[in-house]
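Asks: coordinates for the following, if possible.
(chains A and B)
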Amino acid sequence: MPLASYAVILSAILFGLGALGFVFKRNIIAIFMSIELMLNAVNLSFVAFSRLRFLLEGQVFVFFVIVVAAAEAAVGMGIILQVARNRQSLNFERIDLLKL
Amino acid sequence: MMSVLENAWIIPALPLAGSAINGLFGRRFAQKTVTAVAVGSTTLAFLASLTLIAEFWKLAPAQIPVIRSFFPWIVAGNFRVDFALQIDQLTIIMLLVVTGVGWLIHIYSVGYMAHEGGYYRFFSYLNLFMFFMLVLVMGANFGLMFVGWEGVGLCSYLLIGFFFLKKSAADAGKKAFVVNRVGDFGFLLGLFFIFKTFGTLDIHTVLARVAELPVETAGIGTITAIGLLLFVGAAGKSAQVPLYVWLPDAMEGPTPVSALIHAATMVTAGVYMVARSNVIYVHAPFAMKVVAVVGCFTAFFAATIGLVQTDIKRVLAYSTVSQLGYMFLACGVGAFSAGIFHLMTHAFFKALLFLAAGSVIHALGGEQDMRNMGGLRGPIRATFLTMLAATLAIAGCPGFSGFFSKDEILWQAYSSPYGNWALWLVAVVTALLTAFYMFRLIFLTFFGAPRYDEHHVHVHESGRPMLIPLIVLAVFSVIGGWMAAPSLFGGKNHFEEFLQPVFAHAEEMRAQLSPGAPHSLEFPLMLLAIAVAAIGFFAAWWMYVRKPQAADEVAGKLAAPYSLLAHKYYVDELYDAAIVHPIQWISTFVLWKGVDAAGIDGTVNGVAQLARDLGQEARQVQSGNGRTYASWLVMGAAAVTLLFLWLGH
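Replies: Here you go, the predicted model:
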């Protein structure tokens, strides 16, 4: 089995962990980090498939994802900062103003 | 100098301008200004008509009719209606009646309406009425005639309901409008038929084309259908059975309005239209027979109702219906000029009767019930004398205008190839009834002991603006018939001769038929008619002057017929039960509560309710809880992934 195949499996595990963290974590920053983890898992699979198929596009995509993730991180951190400031808490369960 | 004949549009334009000025700005004018605008514009219209007649007189017969188109009004494909006016002998007669009598009524109204509210409004409507009537009689095509036709209907609605705060007046206005609409519908269908058949609405062209067609002797062909449909319109406008019901109720309007509607305008429109379409009718003998029979029946029917009415204006209203029946009888037996002649004399004496009745009502401070009048011949002498002149005219007293016109109609009903003795007999009986109810009115109002409250009612003669029109009309009621008189003495009937070109074709068609009764019969029949009128007079005199209690005795003995007449044959009740109530029921329970409330509103509200219910369920998904959203997101992603796996690459 080529090395890249292990990378794909690792990527799937990382993505699953990220998804679980995204659903079950309480701290917003932890959730945020889970999202980043999922993104990087996808990046890893991109690179792995690129290697397996000898195609360059997958690696190009990784750059795009990194750029988007950076932008998203900036916006996301800004929002989280405001939430933390206004509510003195980072507990995701308590952000429920939109509730019925 | 500008020729009025070439610019005939000026005649209808003048009252229209008067109406517009008073209608738009009259509220801010002083009463005098309103009077000046309204009476001034009608005076000018009358003078313009006289000038036009003077010019008309000089024309050679070949130049008549004068048809002038001023601008195209409707152009759509091959359908074209111009604003075109037609001047011929018939138009001249109608112009004189409309502007002349209308003008006198305007003057009278100045006195009558002086203390009523809405003075400017009244005169604005009155002028508008004259405008539409002039358009009706001058229009050179059926389209323009229809404009006038609808216009006078509108104005009658406005004027009858003039005292709109009074429910009965507002109802009467609506009734007039709705009943007229029924007739107008027939008229409109007739116009469609004409356009479909001849491709034009131009009266002159249509009549010329009809004249070339054979006479429809058997069955109902196109021309007969047109004739009948036009007559439906005429029956609505000219108050014939079964559409006469609006006219007696039209008494709710101010009295000058009754005079205008009943004498100079509106109700004469139907007779005018039938006479104008004479070629159509002589080519459709069946339609003509219908006209004659309906006219004859209406004359008799309305006269019987008039016998027992106690409201002075209602008696006159039924008398109008009855006299209009005479006019249609004349048209129906092919004597169109006799019909128009009666139209003209009737315009004089009926306008006079209404205006005099208005003067009586005015003198008694608003009393209209003849049972509360009596003995007025002394206090209001001028009114009494003028009204007596009109009564003699309508009753057919020899020498007065109504005598000549009515006698001509009776004779034609008997002698015309289209007529027969039955029509004549009914018409003669009607003449008897006419004499009776008119003298009953005179005796109840002016003779006997006063029955009004002498201590509280200050009886006063009307002022000069009201009396002068009465006197002028009285003069015409007396002498107006003499222009047709010489025929009785073997000479020429000037009126008929004047109108001859208009009815030339009808006369021709008539001459082809076998002649009716010999001329030697005319004189005996005339004597009979005079005798009949005299009987009516003496019967009224006996019952209301000689033995005042006789009337009640007769009413007591003939209780059933009396109450039938007093309730106007229950026709209003019948219409209520057969037409009005079912329509109201359907409107309320089917159209309103069924279609509108349940159907349309139900659909609209139902859709809204459905959206609301769905939203209520669907918003549960939007819990506002971030974790739930995150779960949905992951589950969605998982679902997409599974979908791709399931599809297999």
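Asks: I'd say B:A533 and B:I394 touch.
Replies: No. Judged on CB atoms under 8 Å, B:A533 makes no contact with B:I394 at a distance of 9.9 Å. Yep, even glycine has a C-beta here, placed from its N, CA and C like the rest.
Asks: the two: which has the busier surroundings?
Replies: Legend: neighbour count by other CB atoms under 10 Å in any protein chain shown for B:A533 and B:I394, higher for B:I394 (31 against 27).
Asks: what's that one in contact with, if anything?
Replies: Contact partners of B:I394, counting by CB atoms under 8 Å, 6 or more residues apart in numbering or on different chains, are B:319, B:323, B:346, B:349-350, B:353, B:402, B:434, B:438.
Asks: can we see that at 7 Å?
Replies: Neighbour list for B:I394: B:319, B:349, B:402, B:434, B:438 [criterion: CB atoms under 7 Å, 6 or more residues apart in numbering or on different chains].
Asks: need the pLDDT of the closest residue to the first one other than its chain neighbours.
Replies: Spelled out, that is B:S319. Leaving out its chain neighbours, the residue that sits closest to B:S319 by CB to CB, 6 or more residues apart in numbering or on different chains is B:G306, at 5.4 Å. pLDDT for B:G306: 90.
Asks: ok, B:G306 - how many residues close by?
Replies: Residues contacting B:G306 under the criterion other CB under 10 Å number 27.
Asks: from B:F286, how far off is it?
Replies: 30 Å (CB to CB, to the nearest Å).
Asks: residues in contact with the closest residue to B:G139 other than its chain neighbours?
Replies: Distances taken as CB to CB, 6+ apart place B:M145 nearest to B:G139, at 4.3 Å, with adjacent residues excluded. Counting by CB under 7 Å, 6+ apart, B:M145 makes contact with B:136, B:139, B:273.
Asks: for the chain, longest helix please?
Replies: You didn't pick a chain, so chain A it is. helix A:57-87 (DSSP state H).
Asks: wait, chain B was what I had in mind.
Replies: Across chain B, the longest stretch assigned as helix under DSSP H is helix B:167-198.
Asks: tell me the mean pLDDT over that one?
Replies: For helix B:167-198, the per-residue pLDDT averages 92.
Asks: for stretch B:284-303, same thing?
Replies: Rounded mean pLDDT across stretch B:284-303 is 93.
Asks: which outside residues touch it?
Replies: B:215-217, B:220, B:223-224, B:227-228, B:231, B:235, B:240-241, B:244, B:274, B:281-282, B:318, B:321-322, B:325-329, B:331-334, B:418, B:423, B:426-427, B:429-430, B:433-434, B:437.
Asks: thinking again about what came up before, and the contacts of B:M145, which is closest to chain A?
Replies: B:L136 (71.4 Å; CB to the nearest CB).
Asks: element containing that closest one, please.
Replies: helix B:119-138 (DSSP states H and E).
Asks: whichever helix or strand B:V39 is part of to helix B:119-138, inter-axis angle?
Replies: Under the criterion of DSSP H and E, B:V39 resides in helix B:31-57. Taking axes from the mean of the first three to the mean of the last three CA atoms, to 10 degrees, one finds helix B:31-57 and helix B:119-138 inclined to each other by 10 degrees.
Asks: check which helices and strands helix B:31-57 sits against.
Replies: helix B:10-25, helix B:89-95, helix B:102-112, helix B:119-138 (3 or more CB pairs under 7 Å, 6 or more residues apart in numbering or on different chains; DSSP states H and E).
Asks: quick one: low-confidence parts of chain A?
Replies: A:98-100 (pLDDT under 70).
Asks: the same query, at a cut-off of 90, please.
Replies: Along chain A, the model assigns pLDDT under 90 to residues A:1-5, A:23-26, A:51-55, A:57-58, A:83-84, A:86-100.
Asks: tell me the spacing between the closest residue in space to B:V621 that isn't next to it in sequence and chain A.
Replies: Leaving aside its sequence neighbours, B:V621 sits nearest to B:W632 (CB to CB, 6+ apart; 7.8 Å). According to CB to the nearest CB, to the nearest Å, B:W632 and chain A sit 10 Å apart.
Asks: check B:W632 and give its pLDDT.
Replies: Reported pLDDT at B:W632 in the predicted model: 87.
Asks: how deep is it tucked in, by neighbour count?
Replies: Quick note: B:W632 (other CB under 10 Å) scores 12 neighbours.
Asks: which parts of whichever strand or helix holds it are buried?
Replies: Under the criterion of DSSP H and E, B:W632 resides in helix B:626-647. Buried residues in helix B:626-647, counted by 16 or more other CB atoms under 10 Å in any protein chain shown: B:626-627, B:630, B:634.
Asks: with distance to chain A added, can I get those in JSON lines?
Replies: Shown next, in JSON lines, are the buried residues of helix B:626-647 (distance: CB to the nearest CB, whole Å):
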{"residue": "B:G626", "distance to chain A": "5"}
{"residue": "B:R627", "distance to chain A": "6"}
{"residue": "B:A630", "distance to chain A": "5"}
{"residue": "B:V634", "distance to chain A": "5"}
